[in-house]
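> The sequence isn't on hand, but the structure is:
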């Protein structure tokens, strides 16, 4: 099992979700996030006040999938989240030792 | 009652079989009250049977049912509250084993029993932390065992406790009601309501009954008779409906489930649960029936939800009643009552009473509400429309408690009478995964959210609350909110289109001015525009351009931003996260800045966009070429923010420039005056008008200066008549425009006029604003954008415009905005038709800073 964490532009969320559902991903966790990597923030003024946007709005997706599905999921995210501009986000992949369904104590792949 | 029980297991089997029979019986007759009686009887049999079987009858202990069980109102899967009442502490100690066995047997039989053991003396102790125990004793009932301790409790102990603590219990009861309402957002209109605990649920009915009982006990020092607590027929019908519904939910889930989920609503409506009609009902109709009954029950506890009246000033204490002038209503102890039932209610009085509710938060008494309800058929015949209704609605909408007033109007049928278009969304359930309330309640919440901004506690809320003061026609925004979702009644297609159609009908009746009407309709039409933009990249210039083009003016953008804030927040309590609010704010300021910085770039060309030209040409069909010349090269902002009739008027003025070098028009808007100048451009022209207005005592609130390709300027100034010169002397209009004309044509020295007003420059200031001057060369290819933020005051605009002119700069566009003492002025400047170089920008900044400083000496700022 692998955990895929993707930090993407909020505007790409709908497209990414649709693409993941299309390839059979049934569950995901979506979190509202803020942050920046190479894409730095900027400053806006409104009525003489300064508003610094140093942490930009992002959306974080978290999925745990079977090993064989991981690459397909990554490709789906890459294709749909990419605009070609700085700030498109990142994907992190890590191994998961165990998954447990709380309702019935199912474990392993079947718990996903 | 008691039947012999041979074993716990057989008792459990018998109980389960009886419960199954009860389910069949309810499915057949749908009688909730009978279902409660029957389950109470089943449990009585089981409890008393086990008590005897395990040897309880021989002990000096009374077996007492309390709470709902005591009232004989046991729902099919409700817990049972049982008290083992012992004569004294020794009996209690000796009976521990027996009580444990009985409790265990009850659980083994499938009953969820909450048992408590008390001596009679312990019942005499009152605890604030556990006031519910004393309260539950109001509904006590002897099941079996020794009657002596129960008699003592009934005759001596309990009357003494209640007499002593009734006031405290009532206060705690009121607090728990208040907390429960707060937990449910204070509304009955949940899409998937809890029929027991939600506002309008059965818990409300019991609270009302307990309060009535406690009041009777305090007043009469005796237990209330059963007739004293009988609710009126309307409440009785509502309770019967809720009872049947809760029975249905329990039997459907085979557990203590009180949530009326969408699936449950479908099933309940299919079985016409709680309805007399039988057969199959439409889920929407069934839910409307639910909300009608919930509203009835909720109204029975409404007086308990009111905060205690605020302390009254000494001079008001003698006058317990204040008449609402010209109406049959009086304000007494913070509530609006009818002075005399014989007096008739006319539309004006009714609107005045609701305005009082909206402004002061005063609720109507039941008597006043009934009188209004009774008067509706007559009021309907003399329904006010036009300016009268507009003024009445405006006053209500602008009141801080507008949502409360609107809810009452809605409950009484007044809102639907005045705005029949609202009827379609009455208690309307739209099923989606994010809305928590019915459409009408969502609408009221949006209005509540706008007013609540005035009491913002969080930083991110305060940003939005700042916008409130920047909107000069808040009533239009609130009216748009009232109408924005009325189209949802059609349940098909795009609801915004339907809402616009319905809003048009309302606005026709209110006879709004064309400009106001346009603002409301645009807000209703575009109320999802910012939410849609939030799903795109909010830092992408294309997103900002599209939104700016749709919204057209900074004022509408501010209104739309607040509308989006209020609308999202009214979806459910968690819908507007700080993350989303921050994004909305960033989108707002980015679009606002985009609008100010792109005015010079976005200019009108008939060859690119002939649609606007065609619309105006329809008004002047024989002057198309003249119109095209006039509009060519004017900023898009001008074209988008003027009605075709206004453009035609400006065209007429420009066509007279051959006879006179300048054309002026002056008109009064609702709150301000608007002066429009059309002339051939010349140096210092903008500065001279600004100076003249200032010298004549006018406070410039907003101004725009545009020019077309032919060098004709269209300048407009919105100003407040601070000293009432024009307001009080209409004959001054002619003299006023002549003075401006003299300044425009240089027949008068503007500096001379200004000198006469110098003394006003030392007026004290309330809020200190630091001067800030910034330049932007990226926004426009042809000009430099300069923004000046400064302390507003007489002569400021004249001073800035003079410095600009003195340094040889041309103003291509000016956007002047003032809020209180903050002036935010944006100028698009060129020098020899090119953007400014760095040296000139530096000189401009230095000289402006120095000139603005001279307007407000340090001494004035220090005060």
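Looks like it came in fine. In this text, all values refer to a predicted model and were calculated from it rather than measured experimentally. Residues are numbered from 1 along each chain as shown, chains lettered A, B, ... in the order given.

> alpha carbons only for contacts and neighbour counts from here, please
Noted.

> Residues contacting the host helix or strand of residue B:665, please?
Following DSSP states H and E, one finds residue B:665 within strand B:662-668. Outside strand B:662-668, the residues that touch it by Cα atoms under 8 Å, 6 or more residues apart in numbering or on different chains are B:653-654, B:656-657, B:673-680, B:733, B:737, B:741, B:744-745.

> try it again with 6 Å
Strand B:662-668 is contacted by residues B:653, B:673, B:674, B:675, B:676, B:677, B:678, B:679 when judged by Cα atoms under 6 Å, 6 or more residues apart in numbering or on different chains.

> tell me the phi and psi of the third one?
Which is residue B:674. The phi and psi values for residue B:674, taken as degrees, to the nearest 10, are phi -120, psi 130.

> who's it bridged to?
Beta-bridge pairing for residue B:674 (DSSP bridges): residue B:667, residue B:718.

> okay, it: pLDDT?
At residue B:674, the model reports a pLDDT of 91.

> Can you tell me the SS state at the residue in chain A positioned nearest to chain B?
For chain A and chain B, the shortest gap (Cα to the nearest Cα) falls at residue A:11, measuring 4.2 Å. Following DSSP: H, G, I helix; E, B strand; the rest coil, we place residue A:11 in the helix state.

> That one: what's it in contact with?
B:535, B:536, B:537.

> For the strand holding residue B:665, buried residues please.
B:662, B:663, B:664, B:666 (16 or more other Cα atoms under 10 Å in any protein chain shown).

> Spell out which parts of chain B neighbour chain A.
Contacts of chain B with chain A, taken as Cα under 6 Å from any Cα of the partner chain, map to B:535, B:536, B:537, B:789.

> mind checking the longest helix of the chain?
I went with chain A, as the question did not name one. Taking DSSP state H as the criterion, chain A has its longest helix at helix A:67-81.

> meant chain B actually
helix B:158-183.

> in that one, what's buried?
Applying 16+ other Cα under 10 Å to helix B:158-183 flags B:158-159, B:162-163, B:165-166, B:169-170, B:172-174, B:177-178, B:180-181 as buried.

> Next SSE downstream of that helix?
Helix B:158-183 is succeeded, C-terminally, by helix B:202-220 (DSSP H and E).

> For that next one, the averaged confidence score.
87.

> just stretch B:105-114 next, same as before
On average, stretch B:105-114 scores 89.

> can you check stretch B:295-309 too?
According to the model, stretch B:295-309 has a mean pLDDT of 76.

> what sits against residue B:427?
Taking Cα under 6 Å, 6+ apart as the test, what residue B:427 contacts is B:288, B:438.

> Give the helix, strand or coil label for it.
Under three-state DSSP, residue B:427 comes out as coil.

> Show me what the longest strand along chain A is in contact with.
For chain A, the longest strand by residue count, based on DSSP state E, is strand A:56-65. With contact meaning Cα under 6 Å, 6+ apart, strand A:56-65 is reached by A:1-10, A:28-35.

> any weak-confidence spans in chain A?
A:39-41, A:47-48 (pLDDT under 70).

> partners of the longest strand of chain A, with directions?
Strand A:56-65 is paired, per DSSP bridges, with strand A:2-8 (antiparallel), strand A:29-35 (antiparallel).

> May I see the buried residues of stretch B:80-95?
For stretch B:80-95, by 16+ other Cα under 10 Å, it's B:80, B:81, B:82, B:83, B:84, B:85, B:86, B:87, B:88, B:92, B:95.

> Strands - which of those land there?
B:80, B:81, B:82, B:83, B:84, B:85, B:86.

> of those residues, closest to residue B:455?
residue B:81 (43.4 Å; Cα to Cα).

> Taking strand A:29-35 as reference, get the angle to the host helix or strand of residue A:93.
Element membership for residue A:93, per DSSP H and E: strand A:89-95. Taking axes from the mean of the first three to the mean of the last three Cα atoms, to 10 degrees, one finds strand A:89-95 and strand A:29-35 inclined to each other by 130 degrees.

> From the rest of the structure, what touches strand A:89-95?
A:2, A:3, A:4, A:5, A:6, A:7, A:8.

> Would you enumerate the residues in contact with the third one?
Right, the one you point to is residue A:4. Residue A:4 neighbours (Cα under 6 Å, 6+ apart): A:62, A:63, A:92, A:93.

> For the last one, list each beta-bridge partner.
Beta bridges link residue A:93 to residue A:4, judged by DSSP bridges.

> Neighbours of it, how many?
15 (other Cα atoms under 10 Å in any protein chain shown).

> any idea how far it is from residue A:64?
From residue A:93 across to residue A:64, the span is 10 Å (Cα to Cα, to the nearest Å).

> Would you double-check that residue B:538 falls in a helix?
No: going by three-state DSSP, the assignment for residue B:538 is coil, not a helix.

> Residue of chain B closest to chain A, please.
Closest point on chain B to chain A, by Cα to the nearest Cα, is residue B:536, at 4.2 Å.

> How many residues are close by that residue?
Neighbours of residue B:536 using other Cα under 10 Å come to 18.

> The one 5 residues further on too?
Other residues within reach of residue B:541, judged by other Cα under 10 Å, total 13.

> so what pLDDT did it get?
84.

> for the one 3 residues further on, same thing?
According to the prediction, residue B:544 has pLDDT 91.

> now residue B:232
pLDDT at residue B:232 comes out at 85.

> how about the nearest residue to residue B:35, chain neighbours excluded?
Closest residue to residue B:35 apart from its sequence neighbours, by Cα to Cα, 6 or more residues apart in numbering or on different chains: residue B:26 at 6.4 Å.

> picking up where we left off before, could you pick out the buried ones from the residues of chain B next to chain A?
The buried subset of these - by 16+ other Cα under 10 Å - is B:536, B:537, B:789.

> For residue B:286, see how far away the first one is.
As for residue B:536, its distance to residue B:286 is 39 Å (criterion: Cα to Cα).

> Kindly report the same for the second one.
Residue B:537 sits 43 Å away from residue B:286, going by Cα to Cα.

> Same check on the last one?
Residue B:789 sits 58 Å away from residue B:286, taking Cα to Cα as the criterion.

> May I see the ones in strands among the buried residues of stretch B:80-95 arranged in CSV, with distance to residue B:101 and pLDDT as well?
As requested, those are exported to CSV (distance: Cα to Cα, whole Å; pLDDT from 0 to 100):
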residue, distance to residue B:101, pLDDT
B:80, 17, 94
B:81, 16, 93
B:82, 14, 94
B:83, 14, 94
B:84, 13, 93
B:85, 16, 93
B:86, 16, 91
